[in-house]
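Undergrad: dropping a prediction and its sequence here:
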Amino acid sequence: GGPAIVVDFGTATTFDAVSSKGEYVGGAIAPGIEISIDALSVRGAQLHKIELVRPRNVIAKNTVEALQSGIIFGFAGQVDGIVERMSEELSEDPDEVTVIATGGLAPLVLEESRSIDAFEPWLTLIGLRLIYERNTP
């Protein structure tokens, strides 16, 4: 059902908007979490690749936790900001928009995002199954 927004945490973080009629409306694409970390470690002389885990606090006391904080809370804030704006465009009542997260890196942001309603790790496979079933006699 719709209206809905699917946030896919893969190589890129993609946002796909679906109307109340179930039609794909459009979307947005942002750099993915791992690409961002890779860019920081390549371009930042003293910034090495880090383990992706939630830091103890948003205000970090060391470089590793500062990177973790920026990545985890930064991406959660990005998701919330884009979802809020998309929801306002999708519906007169933005609260009726369902937000579904998918993709391998979604669990990193799920607990920190204020806008994600559901996590469906198999969403792409479910969609492929539905297409198959609708096209098989």
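TA: Nice, thanks for sending it over. Residues are numbered from 1 along each chain as shown.

Undergrad: now the longest helix seen in the chain, how far from the centre of its chain.
TA: Longest helix in the chain by number of residues (criterion: DSSP state H): helix 63-90. A distance of 8 Å separates the centroid of the chain from that of helix 63-90, by C-alpha atoms, centre = their mean, to the nearest Å.

Undergrad: now swap in stretch 7-25 and tell me
TA: Mean-position distance between stretch 7-25 and its chain equals 10 Å (C-alpha atoms, centre = their mean).

Undergrad: in that stretch, which residues are buried?
TA: Across stretch 7-25, burial judged by 16 or more other C-beta atoms under 10 Å covers 7, 8, 9, 10, 13, 14, 15, 16, 17, 18, 25. (Glycine included, C-beta is placed from N, CA and C.)

Undergrad: which parts of the lowest-mean-pLDDT helix or strand in the chain are buried?
TA: Least confident helix or strand of the chain, by mean pLDDT, DSSP states H and E, is helix 33-43 with a mean of 83. Using 16+ other C-beta under 10 Å as the test for burial, helix 33-43 gives 33, 34, 36, 37, 40.

Undergrad: got the contact list for the third one?
TA: Taking C-beta atoms under 8 Å, 6 or more residues apart in numbering as the criterion, residue 36 is in contact with 71, 75.

Undergrad: so residue 21 touches residue 2, yeah?
TA: Yes. Applying C-beta atoms under 8 Å as the test, residue 21 and residue 2 come out as touching, 6.6 Å apart.

Undergrad: before we move on, the earlier item: for residue 99, state which of the buried residues of helix 33-43 is nearest.
TA: Residue 99 has its nearest neighbour among those in residue 33, at 17.5 Å by C-beta to C-beta.

Undergrad: chain neighbours aside, what residue packs nearest to that closest one?
TA: residue 105 (4.9 Å; C-beta to C-beta, 6 or more residues apart in numbering).

Undergrad: which of the buried residues of stretch 7-25 fall in strands?
TA: Filtering those for membership in strands, criterion DSSP state E, returns 7, 8, 9, 13, 14, 15, 16, 17, 18, 25.
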